[in-house]
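1. Got a sequence here, can you build the structure:
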Amino acid sequence: MGKSKAKFFSEFGFAKTNVDMLEHGLLSIAQVEPVKEVLSSSYGMKYIIEGNLKTPSGTVVHVQTVWIIETGDERPRFVTAYPA
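-> Next up, the predicted model:
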């Protein structure tokens, strides 16, 4: 994750010790929220999904997540997340 994104998430209490909370929150957004946009790339299809992420500090932040299903693959893979 880039420095600015790492700083953003760490400001809300995410750290190496609770990365599972971040992972669970991001997966929940992908499973529950509707796809906002689909983009074709040379690597496959990218899916943009926005949602609310509960943080260790107790606040909720709105983030945009990007997932990709690479050409020839069936499973989505997380690409990035950032403030929406």
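
2. Residue 78 in helix, strand or coil?
-> Classification of residue 78 using DSSP: H, G, I helix; E, B strand; the rest coil returns strand.

3. Can you get me a residue count around the closest residue to it other than its chain neighbours?
-> Spatial nearest neighbour of residue 78, chain neighbours left out: residue 67 (5.9 Å); criterion: Cβ to Cβ, 6 or more residues apart in numbering. Using the backbone N, CA and C atoms, a C-beta is placed for each residue, glycine as well. The number of residues packed around residue 67, counting by other Cβ atoms under 10 Å, is 21.

4. do the same with residue 12
-> 16.

5. And the contacts of the helix or strand the residue nearest to residue 78 falls within?
-> Secondary structure assignment for residue 67, by DSSP states H and E: strand 60-70. Contact partners of strand 60-70, identified using Cβ atoms under 8 Å, 6 or more residues apart in numbering, comprise 12, 26, 29-30, 36, 41, 43-55, 75-84.

6. Go through the helix ranked longest in the chain and flag the buried ones.
-> What stands out as the longest helix in the chain, according to DSSP state H, is helix 19-32. Neighbour counts over helix 19-32 (16 or more other Cβ atoms under 10 Å) mark 21-22, 25-26, 29-30 as buried.

7. now the angle from it to strand 60-70?
-> 70 degrees (axes from the mean of the first three to the mean of the last three Cα atoms, to 10 degrees).

8. and helix 19-32, what other elements does it pack with?
-> Counting contacts by 3 or more Cβ pairs under 8 Å, 6 or more residues apart in numbering; DSSP states H and E, helix 19-32 packs against strand 44-54, strand 60-70, strand 77-83.

9. out of these, nearest to residue 7?
-> strand 77-83 (10.9 Å; Cβ to Cβ).

10. and for that closest one, what are the contacting residues?
-> 1, 5, 8, 26, 30, 46, 53, 61-70.
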